[in-house]
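> Sequence first, predicted coordinates after that:
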Amino acid sequence: MEVPEYWIHDLRPEDFVLDVGANVGAFCIRAAWRSRHVMAVEPVTSDLLQQNIRLNDVHIQVMKAALGKGGITGIAWDGYRIPQQTYPLRDLVRIAGGCDFLKCDCEGAEWEIDPHDLAGVRRIEMELHQPPIGNPPEPAILDYISRHYEFVIDQMPVYGPLGQKGILHAWASDSCPPRKKVKG
């Protein structure tokens, strides 16, 4: 099975994978089939995520938290609003033991990443959101990525209250570009 919106075919067994916004595990479970070091961060569906991890018999460290500036904030998702501890990306990377491959789908909190927290990350797969989900895009993050990574953004129009989003596929400028898997 695939997670077609994310490119993971270049994920390495030795990569430290950080899945921010893991939901029920569609990405992190597949990542755990390829890598021995996977940490999933999920503020809302972490109980379902842990059940899914057990059902798939994979090893994934789960952290019930959210990406943010630090402190407690209200997390809203799919009709739920709960208070949850947030952590800057640098703290999540430290807790995970490192990050070579970052998957980030955190409903607009991606714009709160300090760009320098991406230093050392080889690959990024990130959903990019426009308001009303989260904050407006942060130019400093996009500028950092454009200076340190080669990238492609698959734009996905979403109509209604969700605005527009895209999937960023980025690889460090000094690494080999991933090849998108072509069905055939």
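Looks like it arrived, so ask away.

> Tell me the secondary structure at D143.
helix (DSSP: H, G, I helix; E, B strand; the rest coil).

> Leaving out sequence neighbours, find the closest residue to it.
With CB to CB, 6 or more residues apart in numbering as the measure, P115 is the residue that lies nearest to D143, at 7.4 Å, once sequence neighbours are left out. Every C-beta, even on glycine, is put in place using the N, C-alpha and C of the backbone.

> Centre of the chain to the helix or strand encompassing Q155, how far?
Element membership of Q155 [criterion: DSSP states H and E] is strand 149-157. A distance of 14 Å separates the centroid of the chain from that of strand 149-157, by CA atoms, centre = their mean, to the nearest Å.

> For it, buried residues please.
By neighbour count on 16 or more other CB atoms under 10 Å, the buried set for strand 149-157 is Y149, E150, F151.

> Tell me if N135 really is in a strand.
No. The assignment for N135, made by three-state DSSP, is coil rather than a strand.

> Spit out the contact partners of it.
Going by CB atoms under 8 Å, 6 or more residues apart in numbering, N135 touches G108, W111, E112.

> Pull out the buried members of the residues you listed.
Using 16+ other CB under 10 Å as the burial test, those include G108, W111, E112 as buried.

> Quickly note the distance from the last one to A119.
E112 sits 17 Å away from A119, taking CB to CB, to the nearest Å as the criterion.
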